[in-house]
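Student: Fold the following.
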Amino acid sequence: MQRKNIYLIFKEAVNNAAKYSECKNLFVDFHFKKWGCIIKIRDDGKGFNPDIVKKGNGLYNMHKRTEAIKGDLGIHSKPDEGTEVVLKVLF
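Tutor: Numbers count the residues shown, from 1 in each chain. Predicted coordinates:
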C-alpha cells in the first residue's frame, strides 16, 4: 500500500504541474537513504499563493495519502516563482 500511495502522490504532483503551472521545465529528484526516501518535484511555472488557492481533491488526496503512509509532505509555492512538492517517507 505504501508504494501505491507514493506513486499516486508523485503522479498528482506531476499532473498538477503539467495542468496548472504553465511551466517550461519540471525537475524530479529521488534521494534514497537508509531510513527512507525524499522525492522532490519542482517546476518553474507561475506558482500560486498557498493561502488563497482553492484546495481541490488533488491536494487533499495528496495530504491524505501522505498521512496514510506516515510521511511528510511539503508544498512550497509563490506566485511567479514556481512550485516545489517534497515528500519524505520512512521505510
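
Student: Tell me which stretches of this protein form strands.
Tutor: For the chain, the strands defined by DSSP state E occupy 26-32, 36-43, 72-77, 83-90.

Student: In TSV, list those strands along with mean neighbour count.
Tutor: C-beta: built from backbone N, CA, C; applies to glycine. As requested, those are exported to TSV (neighbours: other Cβ atoms under 10 Å):
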stretch	mean neighbour count
strand 26-32	12
strand 36-43	18
strand 72-77	16
strand 83-90	19
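
Student: what inclination does the helix ranked longest in the chain have with respect to strand 72-77?
Tutor: Taking DSSP state H as the criterion, the chain has its longest helix at helix 2-16. Angle of helix 2-16 versus strand 72-77, following axes from the mean of the first three to the mean of the last three Cα atoms, to 10 degrees, is 0 degrees.

Student: Output the contacting helices and strands for helix 2-16.
Tutor: Under the contact definition 3 or more Cβ pairs under 8 Å, 6 or more residues apart in numbering; DSSP states H and E, helix 2-16 sits against strand 36-43, helix 57-68, strand 83-90.
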